[in-house]
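J.: Return a 3D structure for these sequence lines:
(4 chains)
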Number of protein chains: 4
Amino acid sequence: MLPPVNLRPPFNITRTSHVRLNVADLAESRDFYVEILGLVVSDEDESTCYLRGLAEACHHSLVLQQSPDGGTCQRIGFRVFFDEDLDEAYRWFRERDLSAEWVELPHQGRTLHVSDPLGTPLELCAVMETRPRRHIDFLDHRGAHAQRLDHYQVLAADTYALAEFYGELGFRNSEYLEHGDHLLGAFMYRKGTCLDLAIVTGQGPRLHHFAYTVSESHDIFTACDLAGLKGYGAGVERGPGRHGPGGMLFTYLRDPDGHRVEVFNSHYQTIDVEIEPVRWDAAAVSTNARWGLPALAQWYFEASPFADTPLKEPAEPQHPMTLERFLAERTAR
Amino acid sequence: MLPPVNLRPPFNITRTSHVRLNVADLAESRDFYVEILGLVVSDEDESTCYLRGLAEACHHSLVLQQSPDGGTCQRIGFRVFFDEDLDEAYRWFRERDLSAEWVELPHQGRTLHVSDPLGTPLELCAVMETRPRRHIDFLDHRGAHAQRLDHYQVLAADTYALAEFYGELGFRNSEYLEHGDHLLGAFMYRKGTCLDLAIVTGQGPRLHHFAYTVSESHDIFTACDLAGLKGYGAGVERGPGRHGPGGMLFTYLRDPDGHRVEVFNSHYQTIDVEIEPVRWDAAAVSTNARWGLPALAQWYFEASPFADTPLKEPAEPQHPMTLERFLAERTAR
Amino acid sequence: MLPPVNLRPPFNITRTSHVRLNVADLAESRDFYVEILGLVVSDEDESTCYLRGLAEACHHSLVLQQSPDGGTCQRIGFRVFFDEDLDEAYRWFRERDLSAEWVELPHQGRTLHVSDPLGTPLELCAVMETRPRRHIDFLDHRGAHAQRLDHYQVLAADTYALAEFYGELGFRNSEYLEHGDHLLGAFMYRKGTCLDLAIVTGQGPRLHHFAYTVSESHDIFTACDLAGLKGYGAGVERGPGRHGPGGMLFTYLRDPDGHRVEVFNSHYQTIDVEIEPVRWDAAAVSTNARWGLPALAQWYFEASPFADTPLKEPAEPQHPMTLERFLAERTAR
Amino acid sequence: MLPPVNLRPPFNITRTSHVRLNVADLAESRDFYVEILGLVVSDEDESTCYLRGLAEACHHSLVLQQSPDGGTCQRIGFRVFFDEDLDEAYRWFRERDLSAEWVELPHQGRTLHVSDPLGTPLELCAVMETRPRRHIDFLDHRGAHAQRLDHYQVLAADTYALAEFYGELGFRNSEYLEHGDHLLGAFMYRKGTCLDLAIVTGQGPRLHHFAYTVSESHDIFTACDLAGLKGYGAGVERGPGRHGPGGMLFTYLRDPDGHRVEVFNSHYQTIDVEIEPVRWDAAAVSTNARWGLPALAQWYFEASPFADTPLKEPAEPQHPMTLERFLAERTAR
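T.: Numbering: from 1, shown residues only, chains lettered A, B, ... in the order given. Modelled structure (predicted):
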């Protein structure tokens, strides 16, 4: 059972916007995202690098911050439609005794820092500086031609509770994953595609991955090939494969700090109110659904903690069908 | 100069929904869209065939109607978000002395027929019957794997006036085409991509084309190849090529009645309020922008009339750089 | 060290031609190769089905034979250039006390059955019936659009000895795999691409796999997707991935009898005498070379025996880096 | 009717090898082939640049020579298998009173300059220096990822006579083009694919184009896009389209001197003696065969002269269905 969705939310979050990562070696991380994913640098200084996908007109979708806490995530960002949506959001979070603070940050408009009930640090803004889209400047393209940031996946100790929270903010479900009537995964969106925020049960809150789109399935191979050539071949953690939920082609890479980034080819459009979310049974989705081996245990259990955010275990430990377990059970037969 | 856009429109049109075409030979047209584009038949009877793209969950995005008026278009359809948006729309059109009538139509909810000030017949509804998306049922795929209806292009005697009208309804501009300060093309959207409705100056209102997305650029070749094999090779009217505005790869086909359908690979995302529309100078866009020959004169001047809708010429005749003129001028040098 | 290659061989083998497989259920195997790989049926009767790739003009590259010995391979076939090359071959094998017998078989010319010194049963012919190539008959295409049979890989107890034998017949080396100076894999060709016959050390002679080419990398995903939809998802045994030797994209499928077929995108051209074979160190090639997990143990050790052909173990047991061992060693750290 | 083919030729030409072009501005031409096609520079000095495709191990397939005669072609090169094939070739040409001279040229072995009876200057060699193939060095890739030189097309005053000459040298026909029983095009090969040398009737001898292969159809769009960005958009002379003969996807570009280069995705394999050449009727092939507009007149009539080589007109003037004529005849109706 999915929690209810509020189709008239108190303020208008429009889409996944940008993620702020702490990295141990800024130059190395910049190189990873420019040379392997193909992101474009919008601005940078000694401690911070702002990157965007080729088709993005807004200043940054990925912010890399040099930090002794490399491997942690600072915040995941969402956009709101109007500047006054920020005021509504401020009020709404304060009324619920959730943290909400105004901050000023370079290259973006008025910014609000809030946290959801599980402690996930969020960043909301309405506008950014703009830059020209680079998707047809083919001479300058590098890497796997990543087009735009699409979504996040977070691990949460209580998927139902968190999906209920985001449902109240207007996040709707494209697909979801249950074991019996126990909700294990909620694939939620605001922007009219399958996803802005995937919530999956696990020790959390942690950032499981963020995902960039590519235009051609061939680019997924390119991401793997370039990862291999740049010395990150062992970090091609899963795929290339085909998702069950959503049906997209994907691969998952681990960056120099272990942050996980997905490269996938996005398709389907949501938007309409009458379309029912697609239900997946947990047993069926622990692998690639229709072909391929299950993911490594590390894909299920490793994720980027949020800086200064306490972790909580789910009520029941998770037992996904990992590659390790799959092989052990097969040998046992 | 672009007309103003109302970011708080009186009712919420969400997206391009479905087009209703009159066709002279239903079986032949059905075959064209199933075997060449790869659309799926949702329902059909002796006089009507309802089709949808592989990734569409709603009942129809293309309705073919057997008719002695083959080659005309009945209506272009848009979706509204809530059912009550229809009531708001009814009131809004009536207040402006624009036609607005409730109708009942199979496979979709309450439906409103309205016309814009230039007479373009529109159809609005909030819900449809749903069907399973077929985008990963690869065994049943045919044709060029068209994923979903994306947008319309209409010819209008007065682009500015029509863009002003749709701007009031919340349609925003991704890109536009001017000759000096004369608006010749407005590429407008509601759904967060580049386009739902392109308005281009010409004898109108007429439907210049409707467009389906594909997932891989290779599918654009497939559309052409299958058109050739099915006897519609002469109807591969333009492309494959790369658009200037938008930057997508495309091809245009003419169907058995001469209706024009575009197959293209859609990418970029709009949504944010701070992004300025991209301006193109008319001189530069009359060809494929960066490479390829100009389009045939017929691509500029032929279009599907709307049934029972009077036509009006633009104030000034259009002189696009057609292929015919391009070759004549080149020879003359 | 590679054995010598005779550039003026006693008779002219030109290319990999066709493989004859015993299958337990002809209808099921036919369905696998038609619906998943996309092969075309040239002829069939109750016990035999002759298939070819879309771009093949010769009658068959795959012959499926209904048999109680499903899972065994009858013979791998090569073409010779002239009919008189068969006579030379007959003489040559007889002079070396290797079996050589004339046989008559449907749809192909005069045919010679011979065996190499390790007992691999070979079939040689100079001509076949021809059929139209189907590579641009897009309306009839199914499956992953497999274009043509490219090569075999056999397991042999003594790679050096077998490579020496085929070297005398004019098979040249594009790449090879050594552990120190011990030859573990010889990638040999006659036709001017990388491969006609790969020889790898293992219990043999057995057919490890045969391989069909595809034109677009996307077809490799299609093969996997269709295998999944047809119930063979667990048989997507390895990949999609990128080969070290050769550098091609690939996936390996197991058919209903467990025969292994590779689908890959072929590129590079050989031909010239001055090009040195590329050497790979065994340690480096036991995985996908630059990215991805190692292959399952079954990929290394399972293969199709040849009917009525005794097996021999290699002098030293093989210890490739299997996925199972890789995970065990990682856990142990 | 095709002239006879000698399957036991006097010496063994194995494949298309390299083309030597005179260019007016070496830096500009180098930039064209590196940035648009994606060729790799093997060596260069002030007056000469040696390039090869990504998958080529031999030193050069394209030699650009700074020259006041920019726009002319010096020679087209073929490889022979053994060094002694050169001696056989020398004797053979001399016996027929055709020019044959030994020359020494950098980066390649013993070299023979000969001319065919129509005066086409040929260059034969058996070996070249080698370089590592670069096809999987993805980090260094540029342009459209051209893989290897595949074939030439020459215009000849007498197609039959020239096809007869090359037939005697073992060139076989994959497909051919006739008007009635008049041979207008012979598509000939030595290397086991469709083509090494296409001969088409026209003022000659001239080099109509040379062709590089790409691995993915998407690369064909990339070639066009990069040509557009580099200022050569008007030189995207034909395509992207699908060939009738061969069935490949293609586009034709004109380089800074007007030399024409084709980029195409090569597939089908020839080799076997029993396969009959495919006949095309001239009327049917003057366009893209199944879809798309005819080629410009310049595509038919413009070509690179060979340096110091007199031109001859065909016995009958050619009247292909050019785009110009196609449009004129359509208007006339």
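
J.: For the stretch 1-150 of chain A, just list every one of the helices.
T.: Under the criterion DSSP state H, counting those that start in this stretch, the stretch 1-150 of chain A carries helices at the ranges A:26-31, A:83-95.

J.: which residues touch the first one?
T.: I take that to be helix A:26-31. With Cβ atoms under 8 Å, 6 or more residues apart in numbering or on different chains as the test, helix A:26-31 has contacts from A:21, A:23, A:41, A:44, A:46-49, A:51, A:64-66, A:230, A:255-257. Yep, even glycine has a C-beta here, placed from its N, CA and C like the rest.

J.: which of the residues in it are buried?
T.: Neighbour counts over helix A:26-31 (16 or more other Cβ atoms under 10 Å in any protein chain shown) mark A:26, A:28, A:29, A:30 as buried.

J.: pLDDT weak spots in the stretch 51-200 of chain A?
T.: Residue ranges of the stretch 51-200 of chain A with pLDDT under 70: none are present.

J.: Any residues of it in contact with chain B? List them.
T.: If contacts are counted using Cβ under 8 Å from any Cβ of the partner chain, the residues of the stretch 51-200 of chain A sitting beside chain B are A:55-58, A:79, A:81-82, A:109, A:126-128, A:130, A:133, A:135-136, A:147-148, A:191-192.

J.: Which residue is the nearest non-sequential neighbour of residue A:48?
T.: Take residue A:48 and drop its neighbours on the chain: the residue closest to it by Cβ to Cβ, 6 or more residues apart in numbering or on different chains is residue A:65, 5.5 Å away.

J.: now residue A:237
T.: Here the nearest residue to residue A:237 in space, its sequence neighbours aside, is residue A:252; by Cβ to Cβ, 6+ apart that works out to 4.8 Å.

J.: quick one: the helix or strand hosting that neighbour to chain centroid distance?
T.: With the criterion set as DSSP states H and E, the secondary-structure element containing residue A:252 is strand A:249-254. Distance, stretch centre to chain centre, for strand A:249-254: 12 Å (Cα atoms, centre = their mean, to the nearest Å).

J.: Same question for stretch A:271-285.
T.: Mean-position distance between stretch A:271-285 and its chain equals 19 Å (Cα atoms, centre = their mean).

J.: Show the contacting residues for the closest residue to residue A:37 other than its chain neighbours.
T.: Counting by Cβ to Cβ, 6+ apart, residue A:37 lies nearest to residue A:146, which is 4.3 Å off, once chain neighbours are set aside. Contacts of residue A:146 were listed using Cβ under 8 Å, 6+ apart, and they are A:37, A:38, A:39, A:53, A:54, A:212, A:213, A:214, A:219, A:223, A:263.

J.: mind pulling up the phi and psi values for the nearest residue to residue A:115 once chain neighbours are set aside?
T.: Spatially, and ignoring its direct neighbours in sequence, residue A:115 is nearest to residue A:99 (4.8 Å; Cβ to Cβ, 6+ apart). Here the main-chain torsion angles of residue A:99 (degrees, to the nearest 10) amount to phi -60, psi 140.

J.: Quick check: residue A:99 touching residue A:116?
T.: No: in this structure residue A:99 lies outside contact range of residue A:116 using Cβ atoms under 8 Å: 9.9 Å.

J.: what helices or strands is whatever helix or strand residue A:199 lives in leaning on?
T.: Residue A:199 is located in strand A:197-201, with elements delineated by DSSP H and E. The elements that strand A:197-201 packs onto, with contact taken as 3 or more Cβ pairs under 8 Å, 6 or more residues apart in numbering or on different chains; DSSP states H and E, are strand A:149-156, helix A:159-168, strand A:182-189.

J.: can you list contacts of it?
T.: Residues from elsewhere that reach strand A:197-201 (Cβ under 8 Å, 6+ apart): A:16, A:151-159, A:162-163, A:166, A:171, A:177, A:183-189, A:208, A:314, A:318.

J.: Just checking the distance from the helix or strand that that strand is followed by to the centre of its chain.
T.: Going down the chain from strand A:197-201, the next helix or strand is strand A:206-213, by DSSP H and E. For strand A:206-213, the distance between its averaged C-alpha position and the chain's averaged C-alpha position is 3 Å (Cα atoms, centre = their mean).

J.: So which bits of the stretch 201-333 of chain A are right by chain B?
T.: Listed as neighbours of chain B in the stretch 201-333 of chain A under the rule Cβ under 8 Å from any Cβ: A:215-217, A:242, A:247, A:265, A:267-269, A:271-276.

J.: Those in strands, which ones?
T.: Judged by DSSP state E, these include residue A:242 as members of strands.

J.: Filter the residues of the stretch 201-333 of chain A next to chain B down to the buried ones and express that as a PyMOL selection.
T.: In PyMOL, a selection of the buried entries from those looks like this (16+ other Cβ under 10 Å):
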select buried, chain A and resi 215+216+217+242+247+265+267+268+269+271+272+273+275
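
J.: Tell me the one of the residues of the stretch 201-333 of chain A next to chain B nearest residue A:70?
T.: Proximity of these to residue A:70 (Cβ to Cβ) peaks at residue A:265, which lies at 29.7 Å.

J.: Do I have it right that that closest one meets residue A:221?
T.: No: taking contact to mean Cβ under 8 Å, the distance of 11.5 Å between residue A:265 and residue A:221 leaves them out of contact.

J.: Send me the strand ranked longest in chain A as CSV with only the CA atoms.
T.: Ranked by residue count and defined by DSSP E, the top strand of chain A is strand A:13-23. Output for strand A:13-23, consisting of C-alpha atoms alone and laid out as CSV, is shown next (Å, rounded to 0.1, in the frame of the first residue of the first chain):
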residue,chain,number,x,y,z
ILE,A,13,8.7,21.6,-5.9
THR,A,14,9.3,21.2,-9.6
ARG,A,15,12.2,18.9,-10.0
THR,A,16,15.5,17.4,-8.9
SER,A,17,18.0,20.2,-9.1
HIS,A,18,21.5,19.7,-7.8
VAL,A,19,23.6,17.6,-5.4
ARG,A,20,26.4,18.8,-3.2
LEU,A,21,29.1,16.2,-2.5
ASN,A,22,32.2,16.3,-0.3
VAL,A,23,35.2,15.0,-2.0
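
J.: next one: that strand to chain centre, how far?
T.: Taking Cα atoms, centre = their mean, the mean C-alpha location of strand A:13-23 is offset from the chain mean by 8 Å.

J.: That one pairs with which strands, parallel or anti?
T.: Looking at strand A:13-23 with DSSP bridges, its partner strands are strand A:62-66 (parallel), strand A:73-80 (antiparallel).

J.: In CSV, list the C-alpha atoms belonging to the longest one.
T.: C-alpha atoms of strand A:73-80 as CSV (Å, rounded to 0.1, in the frame of the first residue of the first chain):
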residue,chain,number,x,y,z
CYS,A,73,27.0,14.2,0.8
GLN,A,74,26.1,17.7,2.0
ARG,A,75,22.6,18.1,0.6
ILE,A,76,20.3,17.1,-2.2
GLY,A,77,18.6,20.0,-3.9
PHE,A,78,15.2,20.6,-5.4
ARG,A,79,13.8,23.5,-7.4
VAL,A,80,10.6,25.3,-6.6
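
J.: So which of the helices and strands packed on strand A:197-201 is the most surrounded?
T.: Of all the helices and strands packed on strand A:197-201, strand A:149-156 carries the top mean neighbour count, a mean of 25, counting by mean count of other Cβ atoms under 10 Å in any protein chain shown.
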